[in-house]
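Participant: Here is my input, please return the structure:
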Amino acid sequence: MRWRSPVLFALLAFAGCERNPKCCKTPDCSGGSKKIVGTDVLQFRGRVPKNLLFLSIDTLRKDHVAPDTTPFLDHIASQGLVLDNHFQCSNWTYASMTCTLSGAFDTDRGHLIRLHGPDEFKTPVPDETPFLATWLGEAGFRSAGVTSNSYFSRKWNNHQGYDRFKNPPGKGRLAGPTGLEMLRSMLRKDDSPWFLHLHYIEPHAPYRGRDKYRVGLDELEPWPADLESRESHYDERDLWPAMEPDEQDLLEEHLRIRYAGQVRHLDAVLEKTWTDYDEKCWLDDTLVAVWSDHGEAFWEHGYQTHAHNLTAEENDGVLFFWSKNIVSGVYDQPTSAVDLVPSLLELYGVPIPAEAVGLSFGTAPPDRPIFGSTVARRGAVQSVTKKGYKLQYHWKNATMRLWDRNADPDEADNLYDAESPIVTDLWADLRPQVERLAELGAEQELVPKWPPELP
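Facilitator: Numbering: from 1, shown residues only. Next up, the predicted model:
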């Protein structure tokens, strides 16, 4: 997902959004001011937008935010500020939503999040854990959140801090209309700044959708099994390694087209939500952040769906900002999902608490290590990325992988060599993170198998 040629930080001509004439008095809602305000990276003409809207999207691959699959998202991204070298902190929803919204990993919070294992080890976030909504609430924001994904909910307690929170049944497209009613209720009370978080569960297996969005599906040879149910999708996925090559190719084509169809449908849903909100002038003084909780794999590294690896297809994150008065551009320095909370707190003049360990955009040193962590389908997997190199460590079999993302952004060519000074440097950063996770996992029978060739 690269909307423009990468530069250190290129400020582009302000494009502006199509103006609702009954709302803004100036094309960019800046009040006519040319003064630039904000932080070093998040900058605005005239004033920092009063309100905050999150559009977080489940299972969205970065390379699918493109004109042919997401024309609406691509359009508003081109008008905003794109963080084009962004990493998610994990690769499945419970873990990634929690670390993103708290600004910290589970090792920092002292609470281990895992997908597989005995039920007694699958525990909700402890009470009184602060999140972005908590800190914004203390600064006077009213807040509401809505999603149909149970991994972001009261069940797992990562909904803390919101004044109102709903998990309507059904598909994630209900997030927009439900959020609209919640926002209308907030606005009836007073004119406090508001924070509204809409989390969309699509695209997600089994990639159900409307035929008109599944471009090219009718040209394929039919797949003999049903791919419309989650159970059947996962069954076919698990049979893939034993299939003949032509069968593997056909299944992958079916799933990729179905996935892209869900992304197209989501884009249409988001455009409708956007129009509804803009017609009520609710976007005039609002900063919108669009981000993904993780991506989706199609056997690039041997697996399909997600919660397997911390590789590019699962962990390259989508993040861009939009407002009617934002200074548009591309920021291509590495950023992590845990940086989102401190960056927004700084923007709104809220003290950044010690619990939020990320760094505000633009303040990280160029050689800062960026970490990824998951305890999911393949057990514990951790990664570190620095200076364009990524090292991934799989606990169960002590497998190490090294990729040069500068030359190989898809992470296809494993360069791991235990004698490499790059590996030595990255392992020095990663090992303390492994040790911290091992301390949390000691009582849960989660023990790393250490690479014998490394200290």
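Participant: Report all helices and strands that whichever helix in the chain runs longest contacts.
Facilitator: The longest helix of the chain (DSSP state H) is helix 245-279. Applying 3 or more C-beta pairs under 8 Å, 6 or more residues apart in numbering; DSSP states H and E, we find helix 245-279 packed against strand 51-57, helix 71-78, helix 175-189, strand 194-200, helix 230-239, strand 297-298. C-beta here means a position set from N, CA and C on the backbone, and glycine is covered the same way.
Participant: Can you tell me the strand partners of the helix or strand following it and which way each runs?
Facilitator: Moving toward the C-terminus from helix 245-279, the next helix or strand (DSSP states H and E) is strand 286-292. Strand 286-292 pairs in its sheet with strand 51-57 (parallel), strand 319-322 (antiparallel), by DSSP bridges.
Participant: Make JSON lines out of those and add mean pLDDT, distance to Ser148 and mean neighbour count.
Facilitator: Putting these into JSON lines (pLDDT from 0 to 100; distance: least, C-beta to C-beta, whole Å; neighbours: other C-beta atoms under 10 Å) gives the following:
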{"stretch": "strand 51-57", "mean pLDDT": "97", "distance to Ser148": "13", "mean neighbour count": "24"}
{"stretch": "strand 319-322", "mean pLDDT": "98", "distance to Ser148": "22", "mean neighbour count": "26"}
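Participant: nearest to Thr424, of the ones you listed?
Facilitator: Each of these has some distance to Thr424 by C-beta to C-beta; the shortest is strand 319-322, at 31.0 Å.
Participant: For Asn157, find the nearest of the helices and strands packed on helix 245-279.
Facilitator: strand 194-200 (15.5 Å).
Participant: for that closest one, packing partners?
Facilitator: Looks like strand 194-200 contacts strand 51-57, helix 132-138, strand 142-146, helix 175-189, helix 245-279 (3+ C-beta pairs under 8 Å, 6+ apart).
Participant: Export those as CSV, with columns for distance to Ala356.
Facilitator: CSV is the format used below for the helices and strands packed on strand 194-200 (distance: least, C-beta to C-beta, whole Å):
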stretch, distance to Ala356
strand 51-57, 16
helix 132-138, 8
strand 142-146, 17
helix 175-189, 25
helix 245-279, 28
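Participant: Among the ones you listed, which comes closest to Gln433?
Facilitator: With C-beta to C-beta as the criterion, Gln433 lies closest to helix 132-138 of the helices and strands packed on strand 194-200, at 22.9 Å.
Participant: got a list of contacts for that closest one?
Facilitator: With contact meaning C-beta atoms under 8 Å, 6 or more residues apart in numbering, helix 132-138 is reached by 52, 101-103, 141, 143, 145, 160-163, 195, 197, 340-341, 344-345, 348, 350, 353.
Participant: In helices only, show me those.
Facilitator: Secondary structure from DSSP H places 101-102, 340-341, 344-345 of the contacts of helix 132-138 in helices.
Participant: Out of the residues you listed, which is nearest to Asp226?
Facilitator: Closest approach to Asp226 among the ones in helices among the contacts of helix 132-138 (C-beta to C-beta): Leu101, at 35.8 Å.
Participant: okay, now that closest one: neighbour count?
Facilitator: By other C-beta atoms under 10 Å, the residues close to Leu101 number 30.
Participant: and if you look at Leu220?
Facilitator: 12.
Participant: mind listing what it touches?
Facilitator: Residues in contact with Leu220, defined by C-beta under 8 Å, 6+ apart, are 250, 253-254, 257.
Participant: and it, how far is that from His64?
Facilitator: Going from Leu220 to His64 by C-beta to C-beta, to the nearest Å gives 19 Å.
Participant: cool, Arg214 as well?
Facilitator: Distance, Arg214 to His64, by C-beta to C-beta: 14 Å.
Participant: which neighbours do those two share?
Facilitator: In contact with both Arg214 and His64: Ala260, using C-beta under 8 Å, 6+ apart.
Participant: What strands flank whichever strand or helix holds Val330, and is each parallel or antiparallel?
Facilitator: Secondary structure assignment for Val330, by DSSP H and E: strand 329-331. Using DSSP bridges, the strands paired with strand 329-331 are strand 9-11 (antiparallel), strand 81-83 (parallel).
Participant: worst average pLDDT in those?
Facilitator: Ranked by mean pLDDT, the strands paired with strand 329-331 end with strand 9-11 in last place, scoring a mean of 34.
Participant: which strands and helices sit next to the next helix-or-strand element following the strand holding Val330?
Facilitator: Downstream of strand 329-331, the first helix or strand assigned by DSSP H and E is strand 335-336. Judged by 3+ C-beta pairs under 8 Å, 6+ apart, the packing partners of strand 335-336 are strand 86-87, strand 370-376.
Participant: Please convert those strands to JSON lines, extending it with mean pLDDT and distance to Arg436.
Facilitator: Listed next are the helices and strands packed on strand 335-336 as JSON lines, based on pLDDT from 0 to 100; distance: least, C-beta to C-beta, whole Å:
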{"stretch": "strand 86-87", "mean pLDDT": "98", "distance to Arg436": "19"}
{"stretch": "strand 370-376", "mean pLDDT": "98", "distance to Arg436": "10"}
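Participant: Of those strands, which is nearest Glu228?
Facilitator: In terms of C-beta to C-beta, the element of these nearest to Glu228 is strand 370-376, at 24.7 Å.
Participant: re the thing from before, so which of the ones in helices among the contacts of helix 132-138 comes closest to Glu181?
Facilitator: Checking those against Glu181 by C-beta to C-beta gives Leu101 as the nearest, at 22.4 Å.
Participant: Appreciated, that's everything.
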